[in-house]
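> Below are the sequence and a predicted model for it; my questions follow.
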Amino acid sequence: MEKRKISCAICAWREHCNKKYYIKDPSKCVDFSRDLTLDIEEEEEEEDKKNDKD
């Protein structure tokens with residue numbers, strides 16, 4: 001199972017979302033879809049490396 005960060009900031013619907021100010025925990029949003037136009041793989045890999053060192 002892959003670790004994927006679920007956040008309004010990387011959601012494909014973020015611009016037109018009516019829920020983003022009402023959901024307390026974005027990780028439980030059923031409408032979340034990762035925005036594939038964002039290249040965030042490198043950031044996640046760097047975070048994983050930092051966590052492995054700790």
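Cool, the structure landed.

> from here on, contacts and neighbour counts on C-alpha atoms
Will do.

> Now do the helices in the protein.
Assigned by DSSP state H, the chain shows helices spanning 41-53.

> Below-threshold pLDDT in this protein: ranges please.
For the chain, applying pLDDT under 70 flags the ranges 1-3, 41-54.

> again, only this time at 90
Applying pLDDT under 90 to the chain picks out residues 1-9, 18-30, 32, 38-54.

> residues in contact with stretch 4-12?
Around stretch 4-12, the neighbours that count as contacts under C-alpha atoms under 8 Å, 6 or more residues apart in numbering are Arg14, Lys20, Pro26, Ser27, Phe32, Ser33, Arg34, Asp35, Leu36, Leu38.

> If we ignore the residues flanking it in sequence, what's nearest the first one?
The one in question is Arg14. Of all residues not flanking Arg14 in the chain, Cys8 sits nearest, at 5.9 Å (C-alpha to C-alpha, 6 or more residues apart in numbering).

> try the fifth one
Once its chain neighbours are removed from consideration, Phe32 has its nearest residue in Cys11; the separation is 5.9 Å (C-alpha to C-alpha, 6+ apart).
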